[in-house]
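A.B. asks: Quick one, structure for this:
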Amino acid sequence: MAKQQDNRNAVIVLSIFVLVISVYFLPVWHMYASVFHHNDDVDRDTAQIIESRGFLAENHYITTKDGYILTVTRIINPHVTDRAGLRPILLQHGFQNNANVWLINSWGELTGDGEWVEDNNDGPVGNTLGFVLAVNGYDVWLANMRGNMYSLNHTQHSSSDPEFWSFSIDEMVDYDLPAMIAYIQRETNKEQLSYIGHSQGTYMMFGLLATQPHYSNVIKPFIALSPVPFMGNSTSPLVRYEQLSYIGHSQGTYMMFGLLATQPHYSNVIKPFIALSPTRTGVYIANLPSGSSSWNAAHLLQIVSSNRPERYDYGDPDTNLARHESPEPPPYDLSAINSTHVALIYTANDWLNHVDDVQRLKEHLKVKLLDDYQVPDETWNHMELVWALETGHHTSYPFTASTNPNVLPTGLSLLPSTHWPSRAEIIKSRGFRAENHYITTEDDYILTVTRIINPHVRDRAGLRPVLLQHSFGNSANVWLINSCGELTRDGQWVEGNNDSPVGNTLGFVLAVNGYDVWLANSRGNIYSINHTYYDSGG
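C.D. replies: Take a look at the predicted model:
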């Protein structure tokens, strides 16, 4: 009875609070919309954002066993003619986010030669993970959780029905992830796929691997960005209003958090764990919050209170017994996870995901981690891992490395991003242009061969083709990185600290001396890890 009374009190208090907010502060939302309207991304949906960058988009609608219809968007790289060689990867956002979280960090474009270039980013890897992966050999699928702004449909219920909102994270574990994985497997004809989850997106996959261990043979790797199975040491003020954990049956949080998000005081509350790029603030506000159920919010608060990953507590022993076959919510047994393809990436200053909680997670996992990476910038918090100005330096590079688990450590370990520039980026930084060509062998390996284009040569038909082949453990970059230099305006190759008549960097030397230069990559190196049938992570 006491808990039911607390529940009623919490609902009444929250209802009054939201009413006051709506009366006094609703005009602020319109002010924000007008202030940030100049940024076109504010009004774009996921497919429109993707297409504005030069890619193509496909919306797929996946029906779960309990009738929810999830929108999953696929990024199509128009420069890839043989999509069968791409590795499928599913990106799963966190609580109150949507698929756009992987797309809106920076403005950029897909160039004519198939490279992803971002504004104000001189790093070798971009900040916007969805597009970074799409130009690095991945078939990118962007998930939307049930109940967010893109997944509001059901085969029987309307989103205005209370029954629609009767879900916690458990249903995402039991129904949503299996449905999306099976759908992608059918569409791509691939048994295995990679998975990157942020925040609650990590909890979902840990829950799936714990309850259905056979998925360890399907998900390779699972990259957990700010893993949150344990949150008992969270210091965020948002998770300290424990009375809100009793709110189990209101319809949704989208309107409530939508109103809160426009308030100056709200920005002070979330500032410690959401760092916004000043030029992208309007875009972030348009996408956060994106909606979910109050059961979802209550489930997260329950995890904070219990300090363990567990199923949803319905607040009544009889209901728990009917749902869980136990009067108390049973835990997700992380020790049952048998995957050796799990990578953890986290920060030291995360208010939601304290490093002590990450350590506890590692103690519960009984298998060796694929990677255990703490971002060295100690100021980073929860959302910097997807939205910070230097995400490409600390996050996108470890992602593109970790998604290829069987490569020799000489090529792909969690090194700073400056150690792993692409061929095309090196070539362009010297004043040339680049073309990536994908060649399928008779035994179905897909090799990446890069062509150096000298922009000062108008008649390329007169050039003599030359193929440069690296040795064991190397890549095409071996012909490009000996010295730093540049192509001058009069078409000469000039290297720093080199007074000799011939440069030291053979790829560029040949490109200015009448050769059509092609740079090979052997099968199995970091740039040639695709196959028409086999998965490099298998």
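A.B. asks: what about this protein, any weak spots by pLDDT?
C.D. replies: Along the chain, segments meeting pLDDT under 70 span 1-38, 41, 120-126, 236-289, 376-423, 496-501, 536-538.
A.B. asks: Now do the domain split for it, please.
C.D. replies: Following automatic domain parsing, one gets these domains for the chain: 2-406+413-417, 423-531.
A.B. asks: Same list (those domains) but as CSV, adding mean neighbour count.
C.D. replies: The way it works is simple: take the backbone N, C-alpha and C, and place the C-beta from them, glycine included. Formatted as CSV, those follow (neighbours: other CB atoms under 10 Å):
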stretch, mean neighbour count
domain 2-406+413-417, 19
domain 423-531, 17
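A.B. asks: wait, what's in contact with residue 95?
C.D. replies: 199-200, 292, 296-297, 300 (CB atoms under 8 Å, 6 or more residues apart in numbering).
A.B. asks: quick check, it in a strand?
C.D. replies: No: assessed with DSSP: H, G, I helix; E, B strand; the rest coil, residue 95 is coil; it does not lie in a strand.
A.B. asks: That one and residue 199: what is the separation?
C.D. replies: Separation of residue 95 from residue 199 (CB to CB, to the nearest Å): 6 Å.
A.B. asks: just checking, residue 295 touches residue 312?
C.D. replies: Yes: using CB atoms under 8 Å, residue 295 is in contact with residue 312, at 6.5 Å.
A.B. asks: Now list whatever residues contact both of those two.
C.D. replies: Joint contacts of residue 295 and residue 312 (CB under 8 Å, 6+ apart) are residue 168.
A.B. asks: if I look at the closest residue to residue 493 other than its chain neighbours, how far off is residue 485?
C.D. replies: Leaving aside its chain neighbours, residue 493 sits nearest to residue 512 (4.5 Å; criterion: CB to CB, 6 or more residues apart in numbering). The gap separating residue 512 from residue 485 is 10 Å, by CB to CB.
A.B. asks: Residue 364 now?
C.D. replies: Per CB to CB, residue 364 is found 52 Å from residue 485.
A.B. asks: again, but for residue 315
C.D. replies: To residue 485, residue 315 is 68 Å away according to CB to CB.
A.B. asks: try residue 105
C.D. replies: In terms of CB to CB, residue 105 sits 32 Å off from residue 485.
A.B. asks: Likewise for residue 66?
C.D. replies: Applying CB to CB, the value for residue 66 to residue 485 is 61 Å.
A.B. asks: isn't residue 163 right next to residue 68, touching?
C.D. replies: No: when contacts are counted by CB under 8 Å, residue 163 is not listed as touching residue 68 (11.4 Å).
A.B. asks: what's near enough to touch residue 72?
C.D. replies: So residue 72 contacts 59-62, 99, 141-144, 180, 183-184 (CB under 8 Å, 6+ apart).
A.B. asks: can you check residue 151 too?
C.D. replies: Shown in contact with residue 151 (CB under 8 Å, 6+ apart): 68-71, 144-145.
A.B. asks: gap between it and residue 87?
C.D. replies: For residue 151, the distance to residue 87 - CB to CB - is 25 Å.
A.B. asks: What of residue 535?
C.D. replies: Distance from residue 535 to residue 87, by CB to CB: 7 Å.
A.B. asks: what touches both of the two?
C.D. replies: Common neighbours of residue 535 and residue 87, using CB under 8 Å, 6+ apart, are residue 190.
A.B. asks: one step back: so which of the contacts of residue 72 sit within helices?
C.D. replies: 180, 183-184 (DSSP state H).
A.B. asks: quick one: which of the residues you listed is nearest to residue 132?
C.D. replies: residue 184 (19.3 Å; CB to CB).
A.B. asks: do you know how far that closest one is from residue 74?
C.D. replies: Separation of residue 184 from residue 74 (CB to CB) stands at 9 Å.
A.B. asks: Residues that sit against both of those two, list them.
C.D. replies: Counting by CB under 8 Å, 6+ apart, the residues touching both residue 184 and residue 74 are residue 141.
A.B. asks: Now do the SS call for the residue nearest to residue 93 when sequence neighbours are not counted.
C.D. replies: Sequence neighbours aside, residue 101 is the residue nearest to residue 93 in space, at 4.7 Å (criterion: CB to CB, 6+ apart). Secondary structure state of residue 101, per three-state DSSP, is helix.
A.B. asks: One more: residue 90?
C.D. replies: strand.
A.B. asks: ok, back up a step: now the ones in helices among the contacts of residue 72 in CSV, with distance to residue 448?
C.D. replies: Output for these, formatted as CSV (distance: CB to CB, whole Å):
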residue, distance to residue 448
180, 29
183, 29
184, 24
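A.B. asks: Return the member of those residues nearest to residue 337.
C.D. replies: Nearest member of the ones in helices among the contacts of residue 72 to residue 337, counting by CB to CB, is residue 180, at 19.3 Å.
A.B. asks: how near is the closest one to residue 363?
C.D. replies: In terms of CB to CB, residue 180 sits 30 Å off from residue 363.
A.B. asks: just residue 528 next, same as before
C.D. replies: Look at residue 528 and residue 363: by CB to CB, they are 38 Å apart.
A.B. asks: Residue 45 too?
C.D. replies: From residue 45 to residue 363 the distance is 42 Å (CB to CB).
A.B. asks: next one: residue 435
C.D. replies: Residue 435 is 49 Å from residue 363, by CB to CB.
A.B. asks: just residue 324 next, same as before
C.D. replies: In this view, residue 324 and residue 363 are 25 Å apart by CB to CB.
A.B. asks: same check, this time on residue 110
C.D. replies: Distance, residue 110 to residue 363, by CB to CB: 43 Å.
A.B. asks: picking up where we left off before, of the contacts of residue 95, closest to residue 369?
C.D. replies: residue 199 (18.6 Å).
A.B. asks: Walk me through which strands the helix or strand where residue 74 lies pairs with, and which way each runs.
C.D. replies: Using DSSP states H and E, residue 74 sits in strand 68-76. Paired neighbours of strand 68-76 in the sheet (DSSP bridges): strand 56-63 (antiparallel), strand 138-142 (antiparallel), strand 153-154 (antiparallel).
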